[in-house]
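K.L.:
just need the structure, nothing else, for what follows:
(2 chains)
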There are 2 protein chains.
Amino acid sequence: MTTPLAPPAVILSHPQMGENVGAAARAMKNFGLAQLRLIAPKFEWPNDRAQMLASGAGDILQTATLHADAAGGLAGFNLVLATTARGRDIPREVLTPAEAAARLRDAAHRGLKTAILFGGERAGLDNDEISLCDALITIPTAEFSSLNLGQAVLLLGYEWFQAVDKTPASELVTNETRPAVKAELLNFFEHLEKELDDCGFLRNAEKRPSMVRNIRNLFQRAALTHQEIRTLHGIVAELATYRQRRKKG
Amino acid sequence: MTTPLAPPAVILSHPQMGENVGAAARAMKNFGLAQLRLIAPKFEWPNDRAQMLASGAGDILQTATLHADAAGGLAGFNLVLATTARGRDIPREVLTPAEAAARLRDAAHRGLKTAILFGGERAGLDNDEISLCDALITIPTAEFSSLNLGQAVLLLGYEWFQAVDKTPASELVTNETRPAVKAELLNFFEHLEKELDDCGFLRNAEKRPSMVRNIRNLFQRAALTHQEIRTLHGIVAELATYRQRRKKG
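P.N.:
As a prediction, the model looks like this:
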């Protein structure tokens, strides 16, 4: 096939300054990236400063979409990689930018929709956002580490652009099913957590957030298919119904 | 040996804006680069805007050195790679940033002093500057190509930092000689060109600049040693003396 490989979308979570979004768009365009999503930006949109810094990449800003939260921003993607600073204490796979580029291209070869998620300028991504992602990316630096948002987007775009396409991976998805998109996964998480709330499993309010994250991380790592999510829905529904029937009886 | 490998110096030729020098310094420090040289900057030095943009990398600005021209700026280095935009019509080897990083590390392993030369924001490097360099580096981009000076320094620094050290190259320099530094090469060029002027070889004033560049490029590509430069000096001197003796006789 000679169709060019679909590049990853860039998703900026809670960006604080319009100029950084403009710089990100300009960086993207250098490397053929075109799809930009903003999650809850902390400024008005459209934004003059963003336009100014984007210079020739205003088209990327014009087609950028706004989303209220990470669930919405990530909804349509199969594979989302999250950029983080070093030393996050999360049991997740950490990729170099080059490894991330190879994985994104490999997924795109298999027809999957891919994205790279970047956190806000000061705080980065929170653990709830990370629990929706498939792996982490850390840009290697010296002891002095001071990369801004636009520079992080630049380096990831550069690696994606220059990554030599490997032969498509052997593990091609069969026609019978396909990898789940994030919206399906989230829908399952919400179903599961509602039932866990109902049955009291998550009754410890203090521990609830980290318990939920741990459970989400666990399922996230499994790289579930559409069919497997349906199966899991069934399991949870069945278990909950059985419990209620037992309560009534 | 556990001594860390000496990183390349960054040489900025005719930079137009102090802020870009500051951004370059900050980018450098992320990847362990420390030595900065400025050739004929178009602003006063020290520079407030540079300080502001350097944030935590002010130490690099403080130890930066100023040079009047490329001959002075490149004088002490053995291997200098020049960044250029695509499509320069010059018969020189063109490296990707990753190939450049490998070559710089390889040279540093052999004890050579290395540098990367960047042109001014608008005009880039001129052909005379390029004729002093050992090879070119071009950053691959999409059709839209809009990288600023700080971003170019960032990408080259990133590649240098993450390049895995290869085994030192087999072609180790023997103790009997060593690769020439740029000052020695320039000294030879000046000697040669003076003699070529005297004998009338360069008498066509219009063609002289391009003839000089072609001759310089030719010797540049040969990667001359200190001893070879001495030999060449001798050859030129002998030929000139013989010519003068013949004239007299």
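
K.L.:
neighbours of A:Q62, how many?
P.N.:
By other CB atoms under 10 Å in any protein chain shown, the residues close to A:Q62 number 12. Placement of C-beta: from N, CA and C, glycine included.

K.L.:
for it, give its distance to chain B.
P.N.:
Between A:Q62 and chain B the computed distance is 15 Å (CB to the nearest CB, to the nearest Å).

K.L.:
for that residue, what are phi and psi?
P.N.:
Main-chain torsions, A:Q62, degrees, to the nearest 10: phi -70, psi -30.

K.L.:
ok, now A:V80?
P.N.:
The phi/psi pair for A:V80 (degrees, to the nearest 10) is phi -130, psi 120.

K.L.:
same thing with A:L132?
P.N.:
phi -90, psi 0.

K.L.:
check contacts around it.
P.N.:
A:A70, A:A71, A:L74, A:V80, A:K182, A:L185, A:L186, A:R216, A:Q220 (CB atoms under 8 Å, 6 or more residues apart in numbering or on different chains).

K.L.:
could I get those residues in CSV, plus columns for distance to chain B, neighbour count and secondary structure?
P.N.:
Listed next are the contacts of A:L132 as CSV, based on distance: CB to the nearest CB, whole Å; neighbours: other CB atoms under 10 Å in any protein chain shown; DSSP: H, G, I helix; E, B strand; the rest coil:
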residue, distance to chain B, neighbour count, secondary structure
A:A70, 27, 26, helix
A:A71, 31, 19, helix
A:L74, 25, 26, helix
A:V80, 23, 25, strand
A:K182, 27, 25, helix
A:L185, 32, 24, helix
A:L186, 33, 18, helix
A:R216, 31, 21, helix
A:Q220, 27, 21, helix
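
K.L.:
could I get these as TSV with pLDDT?
P.N.:
As requested, those are arranged in TSV below (pLDDT from 0 to 100):
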residue	pLDDT
A:A70	94
A:A71	92
A:L74	95
A:V80	96
A:K182	90
A:L185	91
A:L186	92
A:R216	86
A:Q220	79
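
K.L.:
surely A:A6 touches A:R110?
P.N.:
No - counting by CB atoms under 8 Å, A:A6 sits too far from A:R110 to count as a contact (11.0 Å).

K.L.:
which residues are in contact with each of those two?
P.N.:
With CB under 8 Å, 6+ apart as the test, A:A6 and A:R110 reach no residue in common.

K.L.:
pLDDT value on the closest residue to A:N47 other than its chain neighbours, please?
P.N.:
In this structure, A:N47 finds its nearest non-sequential neighbour in A:G18, 3.6 Å apart by CB to CB, 6 or more residues apart in numbering or on different chains. Turning to A:G18, the model gives it a pLDDT of 97.

K.L.:
what sits against A:P46?
P.N.:
A:L61.

K.L.:
ugh, wrong one, I meant A:D69
P.N.:
Taking CB under 8 Å, 6+ apart, we find A:D69 in contact with A:I39, A:A40.

K.L.:
again with A:P15
P.N.:
A:V21, A:L38, A:P41, A:K42, A:F43, A:G120, A:E121, A:L149.

K.L.:
hmm, 6 Å instead?
P.N.:
A:V21, A:P41, A:G120 (CB atoms under 6 Å, 6 or more residues apart in numbering or on different chains).

K.L.:
now the residues you listed: which count as buried?
P.N.:
The neighbour-count test (16 or more other CB atoms under 10 Å in any protein chain shown) marks A:V21, A:P41, A:G120 as buried among those.

K.L.:
quick revisit: in TSV, list the contacts of A:L132 along with distance to A:R208.
P.N.:
Shown next, in TSV, are the contacts of A:L132 (distance: CB to CB, whole Å):
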residue	distance to A:R208
A:A70	18
A:A71	18
A:L74	22
A:V80	24
A:K182	22
A:L185	19
A:L186	17
A:R216	12
A:Q220	18
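
K.L.:
nearest to chain B among the contacts of A:P15?
P.N.:
The closest of those to chain B turns out to be A:V21 (CB to the nearest CB; 16.0 Å).

K.L.:
would the closest one count as being in a strand?
P.N.:
No - using DSSP: H, G, I helix; E, B strand; the rest coil, the assignment for A:V21 is helix, not a strand.

K.L.:
find the nearest non-adjacent residue to it, please.
P.N.:
The nearest residue in space to A:V21 (CB to CB, 6+ apart) is A:A50, at 4.5 Å.

K.L.:
thought the one you found was touching A:M17?
P.N.:
No - between A:A50 and A:M17 there is no contact under CB atoms under 6 Å: 8.7 Å.

K.L.:
which one of these two is surrounded by more residues?
P.N.:
Between A:A50 and A:M17, counted using other CB under 10 Å, A:A50 has the larger neighbour count: 28 against 20.

K.L.:
so where does that one fall, helix or strand?
P.N.:
A:A50 is located in helix A:48-54, with elements delineated by DSSP states H and E.

K.L.:
can I get that helix as PDB, trimmed to CA atoms?
P.N.:
Extracted C-alpha coordinates of helix A:48-54, given in PDB (Å, rounded to 0.1, in the frame of the first residue of the first chain):
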ATOM      1  CA  ASP A  48      -4.600  35.200  19.600                       C
ATOM      2  CA  ARG A  49      -1.300  34.200  21.100                       C
ATOM      3  CA  ALA A  50      -1.700  30.700  19.800                       C
ATOM      4  CA  GLN A  51      -2.300  32.000  16.300                       C
ATOM      5  CA  MET A  52       0.700  34.300  16.500                       C
ATOM      6  CA  LEU A  53       3.100  31.500  17.600                       C
ATOM      7  CA  ALA A  54       1.700  29.000  15.100                       C
END
